[in-house]
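1. need a structure here:
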Amino acid sequence: MPVESRVKLSIYDVLGQAVRTLVDRTESVGDQSVQWNASTFGSGIYFYRLEATSTTDPGKTFRQVKKMVLMK
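-> Next up is the predicted model:
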């Protein structure tokens, strides 16, 4: 994170339904990481959505959606 931000990271299935929220908190400046324990999920295509809003300037928001494949 380039600045302290309110971060939300969620996983969605191919139908667009949220299946898990991994992060929903304020994160400090610096590199961050998180692991998804997908042992209860089936193989398939999922999407993750990352949203980060600066705590000092709420007008600055970063949003990104990426596709991922879970193979078991």
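
2. mind listing what the residue nearest the centre of the chain touches?
-> Of all residues in the chain, the one closest to the mean position by CA atoms, centre = their mean is residue 9, 2.0 Å from it. For residue 9, the contacting residues are 21, 22, 23, 24, 34, 48, 49, 50, 51, by CB atoms under 8 Å, 6 or more residues apart in numbering. The way it works is simple: take the backbone N, C-alpha and C, and place the C-beta from them, glycine included.

3. show me what it is bridged to.
-> residue 23, residue 50 (DSSP bridges).

4. what of residue 62?
-> Here residue 62, judged by DSSP bridges, has bridge partners residue 52.

5. next, count neighbours for it.
-> 13 (other CB atoms under 10 Å).

6. show me the strands in the protein, by range?
-> 5-12, 18-27, 44-54, 61-70 (DSSP state E).

7. circling back: list only buried entries from the contacts of residue 9.
-> Buried members of these, scored by 16 or more other CB atoms under 10 Å, are 48, 51.

8. circling back to that earlier point, so which of the strands of the chain is nearest residue 38?
-> strand 61-70 (5.5 Å; CB to CB).

9. pLDDT on that closest one, on average?
-> For strand 61-70, mean pLDDT is 97.

10. ditto for stretch 36-46
-> Taken as a whole, stretch 36-46 has a mean pLDDT of 96.

11. gap between the two ends of that stretch?
-> End-to-end distance of stretch 36-46 (CA to CA, to the nearest Å): 12 Å.
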